[in-house]
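Undergrad: I need the structure of the sequence given here:
(chains A, B and C)
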Amino acid sequence: MIKKVRSHISQNEPLLFERSSPGKRAYQLPELDVPAVDPAVELGAGNVRAEIDGFPEISEVEAIRHFTRLSTWNYAIDYGMYPLGSCTMKYNPRVNELVAKIEGMAWAHPYQPESLSQGSMEVMARLESALAEITGLHAVSLQPAAGAHGEMAGILLIRALLEKRGNPRKKVLIPDSAHGTNPASAAIAGYAVENIPSNEAGLLDLAALERIVDGDVAALMVTNPNTLGVFEQNIVEAARILHSKGAMLYMDGANMNALVGIARPGDFGVDVLHLNLHKTFSTPHGGGGPGAGPVAVTKELEPFLPIPRLKRSGKKWAWDYNRKQSIGRVRAFYGNFGVLVRALAYILAHGGPGLRNATVDAVLNANYIRKSLEPYYDLPYASPNMHEVVFSDARQEKSGVRTGDIAKRLIDYGFHPYTVSFPLIVHGALMIEPTETEGKMELDSFIDAMTSIAKEVEDDPQLVKNAPYSVRTSRVDEVAAARKPVLRWKPGN
Amino acid sequence: MRYLPKSDSERRQMLDACGTGSADDLFAHLPPEVRLNRPLDLPPGISEYEIIEYFTARAAENANGYPSFLGAGVYHHFRPVIVDTVVSRGEFLTSYTPYQAEISQGILTSIFEFQTMMCQLTGMDVANASMYDGSTALPEAAMMAARVTGKGKVVVARSVHPEYREVLQTYAKRQGMPVEEFGYVPDAGVIDLEDLERKIDGLTAAVVVQSPNFFGVIDQVKAAGEIAHRHGALLILVFTEAVSLGLLEPSPEVDIVAGEVQSFAISPSYGGPFAGVIATREKYIRQMPGRLVGQTVDSRGNRAFCLTLATREQHIRRERATSNICTNQALVALMATVFLSVYGKQGLRELAEQNLAKAHYLAGRLKPRFSGKFFNEFAVRTEGKKPDAVNRELLKKKIVGGLPLGRFYPELADSLLLCATEMSRRADMDAVAEALA
Amino acid sequence: MYPDNFRYTKEHEWVLVEGDAGTIGITDHAQEELGDIVYVDLPKVGAPIEAGKVFGSVESVKAVSDIYSPVSGEVTEINQSLADAPETLNTDPHGAGWLVKVRLAEAGQAQPLMSAADYQDYVGAEK
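TA: Below is the predicted model:
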């Protein structure tokens, strides 16, 4: 029985271009207080474009309705639980939105004088120091724009240090359970990637590590807890092996929501870590971004951080561009400042003790789901889990139903699907991360839905295979989209 | 805590269900040597009221309400009210990347509209769903050109935004891609075609130019393209002032556009978040970085949209992906989409014309350093005064002046880069002109 | 199911040798495993290919699979129709869904590969 949702009116809406009619407008510019000029004269006749064919012309009320109607076709955290594993879809506090929009914050130009930017710089400095305390690392750069960008910056930092030691080395080791961004980022930083298999427990294989790490290995990139939601028990020993052979330990902080206030990467041997502020620190995902991917490093790596760096100059903050060993810039200006404001607001709201409480609730929620769903779904790895839990579709596959089908059926029950078919080391994975911002009622409702689907798989597998039914858009033909790509609107299509 | 929706009795019930004595037992399996055995050294949590008070105080330490003549890659344009109305909706703000197309048609449709409008504005066949910003779009475009051409060298104009060039260097160095810069004509402020001819060779994958360039000057895109193509290289066009697209004719010589859409209703926000875009010719689609939304149908035959051509991306192709980008700037691209729907065909042109008029009014009272035609930004010699001194004088009148160009171009140490937009008032422009007199 | 006049690789490609010419494709088992094929990336005519080495790839919506050459030689023709109709690889992998034709570097190279019967056993055992 589906309890969380029932059907609702859903408005149709054409594309902007199809709504368009010549002469409609949603804007009004003020009267020019200076003489108008002729573009053909000032820009050169050959440089001035003709009318843009097919560009929209709509009214303000139509614009509002257009985007409002579109918005209702989305699922969102504000509707309910969004249990995507490794994505940490937690509640986005609205006060964070408000403070990011205060005029002095939102309208600060990156090149305005430092004397008129002290507020922005103080916010960044305070966030840097809070993240350093949370990660147990020495210094933080807020410049990277997202997690993968932070990964690239982090690996470049390792490269710079190793170059200084005389040999940048050739490859980066990555467990087979890692996110795809890890190998892609290592490749951009100029390294070959070697995958290392996990052991039977889904953890780092120390014996394999001892064997593989040699003078060509620059670093191991590890996610901890890993993508099974399991803490890497041997992380201290792994760090020792790497360091003894002159290699570094990089940690993907995507799962930091399991550790804040409980354990600090800097204390267990990590040299470089990136954080996803849009995961652990609650800044909104916004349908795919923006995020922010700060990197935290040991003292030894600090000289290589991207320029500019904040420094104290008397009673003021200043930007320091004169850092000879820096890897350079990874983006223009200083970072996704608006996202940084939101993350600091989140940290201030929780405070030190509150952040730890959030971690505890996140881990409790994942364990509660594990305990409740274990009778119905196969648990491929029995190790204790932290903030997320990974099941497999082994039992349902016998009825011809796969993890992707169960995920689509979950939509009918009013939930966003979990992460499907990841990590790759689990055949038919269901990766579930509830986060701490789900209450017991929502969790129970999710558990009921998953339990009910497990029963449907036994009684009527076809029902699950053809889901979803209750949404305005039924299963989307992704094959047709990829075979004949239509990537823009054109008149008449 | 107000973000944790459980009562203690509910926690107790859940712990009991887990067969766990206390919450700390959930962490009992962690090795003792990794445990943090003290509280985090951060103050206790504060109320909503105190958070607002803290950031309001910080904001007051920044410039507030100053008219500004800074551009240089970040522009002050009016933000139509409905932009925030739309992007504040929880359905956009609090949704994830639209991998589950059936319940993500809202953002998917808006991205398809964004891609379409980026194509219409740039004259390209295909545009992606967004990059982090313009500065990172540039190295991504350069790496794309290297894949397309099978060559590695990048020849970039010095009149491209200096920080964009720095970012390009950071990426290119580790990709084994040599980067060589070519100059500008000192009088005109446009690219020096002879210098380009000297630096380009058969190993060149891409020539990079910006227009309007960092000095605000409309650059010689067509001529650069002809030279690039003669040497088997692609032409990458950078833009930082997207409003100029409302007036400027796209050049058919361009192979890849790497742009920044901050001008489309994205507040300056001390440098980010913004949104970059890469647009290109249809034949290069498979080499593009970043997400793409495509049109298809659902099982009932209704039009629908989904992420497509994902095999280019990191989650599938891993170390052989066209880029490592995952999270992008979707919500920021949505702001741009709403902005463009508000201004539309006529409005964007009128807006661009107002920018042109304002900048030319200000320039008319001064003597622009470069003779090249410009859009809403231009360099000016500060004649006898140091640029910083002029800015200090303006600050006394609560006006933020221009960017001293010596910061990036030692040979232009006597010059300011000034930008005027539709937000620049005549009285303030007169004050700038007086300070420079 | 598997034509007797083809030879087969462990990576699920087939080759049909006629004189010094070879035609290469992927097996029915391979297309079944891949699911709906949406794109095929092939070398240019004239490109050398080497036995056991990657010469192209096929893509489904969410996977990319390398194609390994069963033989060494030079590409003389590629199946242009796959660009517009990659689904042919699903509907007729052993016929209209061929990938490339090659001029063999030397005769007899395909002999060590699996026969149809061996391949049938191989994919049976793999499952």
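
Undergrad: and whichever strand or helix holds residue A:310, C-alpha only, in CSV?
TA: Residue A:310 is located in strand A:309-313, with elements delineated by DSSP states H and E. In CSV, the C-alpha atoms belonging to strand A:309-313 read as follows (Å, rounded to 0.1, in the frame of the first residue of the first chain):
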residue,chain,number,x,y,z
ARG,A,309,46.2,32.4,0.0
LEU,A,310,44.6,34.4,2.8
LYS,A,311,47.2,35.9,5.1
ARG,A,312,47.0,38.2,8.1
SER,A,313,48.6,41.6,7.5
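
Undergrad: within the sheet, what are the partner strands of that strand, with directions?
TA: Its sheet considered, strand A:309-313 pairs with strand A:316-320 (antiparallel) by DSSP bridges.

Undergrad: just how off-centre is the strand it pairs with within its chain?
TA: Chain-centre distance of strand A:316-320: 30 Å, with CA atoms, centre = their mean, to the nearest Å.

Undergrad: what do you get for stretch A:91-104?
TA: 19 Å.

Undergrad: how about it: buried residues?
TA: By 16 or more other CB atoms under 10 Å in any protein chain shown, the buried positions in stretch A:91-104 come out as A:91, A:92, A:93, A:95, A:96, A:97, A:99, A:100, A:101, A:102, A:104. The way it works is simple: take the backbone N, C-alpha and C, and place the C-beta from them, glycine included.

Undergrad: name the helix or strand for the closest residue to residue B:24 other than its chain neighbours, please.
TA: Of all residues not flanking residue B:24 in the chain, residue A:360 sits nearest, at 8.0 Å (CB to CB, 6 or more residues apart in numbering or on different chains). In the assignment (DSSP H and E), residue A:360 maps to helix A:337-373.

Undergrad: show me what that helix is packed up against.
TA: Here helix A:337-373 touches helix A:94-100, helix A:103-106, helix A:118-135, strand A:389-392, helix A:440-459, helix B:8-18, helix B:48-60, going by 3 or more CB pairs under 8 Å, 6 or more residues apart in numbering or on different chains; DSSP states H and E.

Undergrad: which one of those lies closest to chain C?
TA: For the helices and strands packed on helix A:337-373, proximity to chain C was assessed by CB to the nearest CB; strand A:389-392 is nearest, at 17.8 Å.

Undergrad: show me what secondary structure element comes after the closest one.
TA: Counting by DSSP H and E, what follows strand A:389-392 is helix A:394-397.

Undergrad: quick check: residue B:41 vs residue A:264, distance?
TA: As judged by CB to CB, to the nearest Å, residue B:41 and residue A:264 stand 11 Å apart.

Undergrad: neighbour count for the two, which is higher?
TA: Neighbour comparison, residue B:41 and residue A:264: the larger count goes to residue A:264, with 22 against 10 (by other CB atoms under 10 Å in any protein chain shown).

Undergrad: wait, that one touches residue B:36, no?
TA: Yes: using CB atoms under 8 Å, residue A:264 is in contact with residue B:36, at 5.4 Å.

Undergrad: residues near residue 107, how many?
TA: Here I'm looking at chain A. Residue A:107: 22 neighbours (other CB under 10 Å).

Undergrad: oops, wrong one, chain C.
TA: With other CB under 10 Å as criterion, residue C:107 counts 10.

Undergrad: go on, the one 5 residues further on?
TA: When neighbours are counted by other CB under 10 Å, residue C:112 registers 9.

Undergrad: cool, residue A:298 as well?
TA: Under the neighbour criterion other CB under 10 Å, residue A:298 is assigned a count of 20.

Undergrad: ok, it - contacts?
TA: Contact analysis of residue A:298 by CB atoms under 8 Å, 6 or more residues apart in numbering or on different chains lists A:137, A:138, A:266, A:271, A:272.

Undergrad: enumerate the residues of chain C near chain B.
TA: C:39, C:41, C:59, C:61, C:62, C:63, C:64 (CB under 8 Å from any CB of the partner chain).

Undergrad: quick one, phi/psi of the third one?
TA: What it means is residue C:59. Main-chain torsions, residue C:59, degrees, to the nearest 10: phi -120, psi 140.

Undergrad: quick one, what contacts it?
TA: Counting by CB under 8 Å, 6+ apart, residue C:59 has contacts A:482, B:311, C:37, C:38, C:39, C:40, C:41, C:65.

Undergrad: for it, name its beta-bridge partners.
TA: The partner residues for residue C:59, given DSSP bridges, come to residue C:39, residue C:64.

Undergrad: separation between it and residue B:316?
TA: 9 Å.

Undergrad: tell me how far the strand holding residue A:310 lies from the chain's centre.
TA: Per CA atoms, centre = their mean, the centroid offset for strand A:309-313 relative to its chain is 29 Å.

Undergrad: now do stretch B:71-79
TA: Remark: stretch B:71-79 is offset 11 Å from the chain centroid, using CA atoms, centre = their mean.

Undergrad: so is that stretch next to chain A?
TA: Yes: under the criterion of CB under 8 Å from any CB, chain A is reached by stretch B:71-79 at B:72, B:73, B:74, B:76.

Undergrad: separation between whichever residue of the stretch 351-493 of chain A sits closest to chain C and chain B?
TA: Closest contact between the stretch 351-493 of chain A and chain C, by CB to the nearest CB, is at residue A:482 (3.8 Å). Computed as CB to the nearest CB, to the nearest Å, the residue A:482 to chain B distance reads 5 Å.

Undergrad: ranges for the strands of chain C?
TA: C:7-8, C:13-18, C:21-26, C:37-41, C:48-49, C:54-60, C:64-68, C:73-78, C:100-104 (DSSP state E).

Undergrad: what comes into contact with stretch A:463-475?
TA: A:2, A:5, A:7, A:10, A:73, A:400-401, A:405-406, A:408-409, A:411-412, A:453, A:456-457, B:101-103, B:105, B:298-300, B:302, B:304.

Undergrad: mind checking how far the closest residue to residue C:110 other than its chain neighbours is from chain B?
TA: Spatial nearest neighbour of residue C:110, chain neighbours left out: residue C:7 (4.3 Å); criterion: CB to CB, 6+ apart. Plainly put, residue C:7 is 29 Å away from chain B if you go by CB to the nearest CB.

Undergrad: now swap in residue A:396 and tell me
TA: 19 Å.

Undergrad: about what we covered before: could you dump the contacts of residue C:59 into JSON lines with pLDDT and neighbour count added?
TA: Formatted as JSON lines, the contacts of residue C:59 follow (pLDDT from 0 to 100; neighbours: other CB atoms under 10 Å in any protein chain shown):
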{"residue": "A:482", "pLDDT": "96", "neighbour count": "25"}
{"residue": "B:311", "pLDDT": "92", "neighbour count": "23"}
{"residue": "C:37", "pLDDT": "96", "neighbour count": "27"}
{"residue": "C:38", "pLDDT": "96", "neighbour count": "25"}
{"residue": "C:39", "pLDDT": "95", "neighbour count": "20"}
{"residue": "C:40", "pLDDT": "96", "neighbour count": "21"}
{"residue": "C:41", "pLDDT": "94", "neighbour count": "15"}
{"residue": "C:65", "pLDDT": "93", "neighbour count": "18"}
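
Undergrad: and chain C, which residues reach chain A?
TA: Checking chain C against chain A by CB under 8 Å from any CB, the hits are C:36, C:38, C:39, C:59, C:61, C:62, C:86, C:87.

Undergrad: how about the residue nearest to the fifth one when sequence neighbours are not counted, what does it touch?
TA: Beyond its immediate neighbours in the sequence, the residue positioned closest to residue C:61 (CB to CB, 6+ apart) is residue A:478, lying 4.7 Å away. With contacts defined as CB under 8 Å, 6+ apart, residue A:478 is in contact with B:101, B:296, B:306, B:308, C:61.
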